[in-house]
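Q: My questions concern the predicted model and sequence given below.
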Amino acid sequence: MRKYSILFLALLIAFHVNSSADAMSKKAFKYYQNGNKLYQIKDYEGAKTQYEKAVNIDPVESILYIKLAGVQVELGEKREALENYKTALRYTPNDSSIYTSIGNIYQELNEYENAYAAYKKALELAPDYKYNYFNIAIVQNSLGNYQAAIENYKIFLNTYPEHIIAHKNIATTYLNANLPQGAIKEYEQLIKNHPADFDDWTNYGRAFLMDGNYKKAVTILKSACEKEPENALSRLYLAQAYQAVDNKQSAIKYYKEAIMMDPRFVNAKFDLANLLFDEKNYDDAIEFYVAYLRDMPNNSDAYYNLGIAYEAKNDVNSALSAFTKALALKPDDPNITQEIGRCYHLAKDYEKAIDYYLKALQAKPDDASLLYNIALAYSQNSDTDNSIIYLNKSLKIKDNRQVKQDLAKAYTKKGQEAYSQNNYAQAVELYKKAITTDVNYAQAYQNLADIVFASKTSEEIINNMKENVEKEPDNPDLKVVYGEMLLQKDMKEEAKEQFSKAIELDENNTIAKGYMADIFYGEKKYNESLVYYSDVLKAQPYNSDVMVKLGNIYKEKNDNANAVKYYQNALTADPQNITANFNLAVIYMESKNNAKAKELLGAIIKEKPEFPSSYYLYGIILDNEKKYNEAIKNYEKFLTLAPKDENAPIIKKRTAELKNYIKQLSGRKK
């Protein structure tokens, strides 16, 4: 939402209604004058002291409380200022400007109801002072009373028709009220009357986006991106506009740019992931679903979509993990349950597939596709009788040629079983059913002929998952998912127990082994961690992240030779692996090979210029080489990108020392 420009009225200390210094005692008046002089030179603490002394002498003088409140506002003592303004009202209850000042403070404190009441009272006392309509409009917008805010802006603009900020604010309020045409009118009036001052191209484009004029929105928002290259919102809205005109590639491009500029665009990550999925770019879709879930870990729909994306890649284990998490969040969702069944189906675990399918069927009894999948699972589990039952149920709901073919095949299979047991009458009946179901099924005709011839002779979430694990104690996948959830709660020992049990049930469970390795690494049990990471790498020989972790272990064990080997292997598998590059640079720096370290860091900076640690390390190397000016540049870049990093205070201090040293050195040279 666009931030509003707020008009804070000057504290008209000397001109409040009924506020006069005439009746003040001489001693109080002296302090009063001293306070005024100090206020003028912005010595607010001094002014405050003088006004307080005056109040102590003449505690019934309204102007003194007003003056004292004014300096308290300047000093940030807003609550104290409020109390003094209210005290002033006891002695000058009809002073509208005091109410306005009170409204200003409440507005700054985000207490909009109180601000509204104060501005309203000020307007009652001074109806000709139109700026209070402006103040009231701002507060009403903050309260979500958009229509009332619009009406008050209009009243204000009738008196001040050229007030640019008011026109901008009313336009934004129109957008908040989902009235884009009103916003468009205001923006176009500003462009016409004040072209040099107009800078709100992003919201102008957004107004056309909201109005459904997507082509116009694209044109304006493209211009906004050029005019405001640092404005992430313009790229977000442009992505939405491109998506609306079905220019998916451009939409993807601008979604990515917007998210890179401002990772707080959480919903944009979800929208982008869905768009990438539609384009069958499953790898990127998965990346952004995962990124979204880091911010919104309790969104079952995102886990569901993530599972579908993994299914599209035939990554059944990852899909099952995602669907299981979704089901833990929404245990009564039959679609999630059905997809878990499908995962087990694809994994050829037909018993579990059938179990989940049947659970989903309780909520979706008329789903022909689900009934068909149940039939297939029974068939693949060698249960032809149940397969026939569910194929028939599916056909009753929806006629489908493939279902008919499978039913004919099932009848034929049963007929063959009857035939092998010399039950010719039953075999004939079943073959006839097959032919009736699918008149083109040749095998049934052939088998029938043979008989004729032969006849001559997926806290609340954790508890829910715990229950699921207890119900299915032999399911390693559930234990892994449960372990993941326990890790989120920092219950490492409990998680470790689940991962261990999963590995006992499935010795090839690389996900569980990866988690065990991570836990042991965090506990600095490097030998145990090494064993598990090595097992994972055997199963996934091109997993660059695991290679980096193995490199880290060897580095911790002071075995730099092996550390370098694994980091280099990681870069062979993934040349863009920033962590491997950086860790190699650290090793080269520690071994005094600055040239190689700087080469690697330069590559990182070129590839990922927003990665702060590269500047930090580069600065240290240059500092050691006594290239102080270059070191300062890198330190300052690091501080800009990571001002809250734990090393920031040290680097800030070192930068100041270097600058001072260079300054002193320059002075000596002169």
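A: Noted; the coordinates are in hand.
Q: Would you enumerate the residues in contact with the residue positioned nearest the centre of the chain?
A: Nearest to the mean C-alpha position of the chain, by Cα atoms, centre = their mean, lies residue 266 at 2.7 Å. Residues near residue 266 by Cβ atoms under 8 Å, 6 or more residues apart in numbering: 292, 295, 296. Yep, even glycine has a C-beta here, placed from its N, CA and C like the rest.
Q: Show the average pLDDT along stretch 489-505.
A: In this model, stretch 489-505 has a mean pLDDT of 87.
Q: which residues touch that stretch?
A: Stretch 489-505 is contacted by residues 462, 469, 474-477, 479-480, 482-484, 486-487, 509, 512-513, 515-516, 519, 522-523 when judged by Cβ under 8 Å, 6+ apart.
Q: now do stretch 579-591
A: With Cβ under 8 Å, 6+ apart as the test, stretch 579-591 has contacts from 544, 547-548, 551-552, 555, 560, 563-564, 567-568, 570-571, 574, 594, 596-598, 600-601, 603-604, 611, 613-614, 617, 620-621.
Q: quick one: which of the contacts of stretch 489-505 sit in helices?
A: By the criterion of DSSP state H, membership of the contacts of stretch 489-505 in helices covers 462, 469, 476-477, 479-480, 482-484, 486-487, 512-513, 515-516, 519, 522.
Q: rewinding a little: among the contacts of residue 266, which one has the most neighbours?
A: For the contacts of residue 266, the largest neighbour count, defined by other Cβ atoms under 10 Å, is 24 neighbours, found at residue 292.
Q: State the distance from the residue lying closest to that one once chain neighbours are set aside to residue 144.
A: Leaving out its chain neighbours, the residue that sits closest to residue 292 by Cβ to Cβ, 6 or more residues apart in numbering is residue 269, at 4.0 Å. For residue 269, the distance to residue 144 equals 27 Å [Cβ to Cβ, to the nearest Å].
Q: swap in residue 651?
A: Applying Cβ to Cβ to residue 651 and residue 144 gives a distance of 44 Å.
Q: Please identify which of the two sits among more neighbours.
A: residue 651 (22 against 11).
Q: okay, and for the stretch 401-550 of the chain, where does confidence drop off?
A: Filtered on pLDDT under 70, the stretch 401-550 of the chain yields the residue ranges 422-425, 428, 448-465, 468, 477, 481, 485.
Q: Report the secondary structure element holding residue 215.
A: helix 214-227 (DSSP states H and E).
Q: mind listing what's buried in the helix or strand where residue 324 lies?
A: Per DSSP H and E: residue 324 is located in helix 316-329. Buried residues in helix 316-329, defined by neighbour count with 16 or more other Cβ atoms under 10 Å: 316-329.
Q: what's the answer for stretch 657-670, then?
A: Neighbour-count burial for stretch 657-670, counted by 16+ other Cβ under 10 Å, picks out residue 658.
Q: Show me what it is in contact with.
A: 623, 628, 629, 631, 632, 635.
Q: Can you say which of these are buried?
A: 623, 628, 631, 632, 635.
Q: So which of the residues you listed is the closest to residue 103?
A: Nearest to residue 103, judged by Cβ to Cβ, of those is residue 635 at 45.9 Å.
Q: Cross-check the contact I'm expecting between the closest one and residue 654.
A: Yes - counting by Cβ atoms under 8 Å, residue 635 does reach residue 654; the two are 6.7 Å apart.
Q: Export only the CA atoms of stretch 202-213, formatted as CSV.
A: The C-alpha atoms that make up stretch 202-213 are tabulated as CSV, following Å, rounded to 0.1, in the frame of the first residue of the first chain:
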residue,chain,number,x,y,z
THR,A,202,3.3,2.6,-10.3
ASN,A,203,-0.1,3.2,-8.7
TYR,A,204,-1.4,4.7,-12.0
GLY,A,205,-0.6,1.5,-13.7
ARG,A,206,-2.0,-0.5,-10.8
ALA,A,207,-5.3,1.4,-11.2
PHE,A,208,-5.6,0.2,-14.9
LEU,A,209,-4.7,-3.3,-13.7
MET,A,210,-7.5,-3.3,-11.2
ASP,A,211,-9.9,-1.8,-13.8
GLY,A,212,-9.2,-4.7,-16.1
ASN,A,213,-7.5,-2.6,-18.8
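Q: Remind me which helix or strand the nearest residue to residue 200 once chain neighbours are set aside belongs to.
A: Nearest residue to residue 200, sequence neighbours excluded (Cβ to Cβ, 6+ apart): residue 168, at 6.0 Å. If you go by DSSP H and E, residue 168 is part of helix 164-176.
Q: Please name every helix or strand in contact with the next helix or strand after the helix holding residue 215.
A: Sequence-wise, the next helix or strand downstream of helix 214-227 (DSSP H and E) is helix 232-244. In this structure, helix 232-244 packs against helix 201-211, helix 214-227, helix 248-261, helix 266-278, with contacts taken as 3 or more Cβ pairs under 8 Å, 6 or more residues apart in numbering; DSSP states H and E.
Q: Would you mind measuring from the closest residue to residue 380 other than its chain neighbours to residue 386?
A: Computed as Cβ to Cβ, 6+ apart, the closest residue to residue 380 that is not its neighbour in sequence is residue 350, at 5.3 Å. Residue 350 sits 11 Å away from residue 386, taking Cβ to Cβ as the criterion.
Q: got the helices and strands packed on helix 232-244 as CSV, with distance to residue 237 and mean pLDDT columns?
A: Converted to CSV, the helices and strands packed on helix 232-244 look like this (distance: least, Cβ to Cβ, whole Å; pLDDT from 0 to 100):
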stretch, distance to residue 237, mean pLDDT
helix 201-211, 5, 95
helix 214-227, 5, 95
helix 248-261, 9, 95
helix 266-278, 10, 95
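Q: Give me the contacts around the next helix or strand after the helix holding residue 168.
A: Per DSSP H and E, helix 164-176 leads on to helix 180-193 as the next helix or strand towards the C-terminus. Here helix 180-193 makes contact (Cβ under 8 Å, 6+ apart) with 150, 162, 164, 167-168, 170-172, 174-175, 197-198, 200, 203-204, 207-211.
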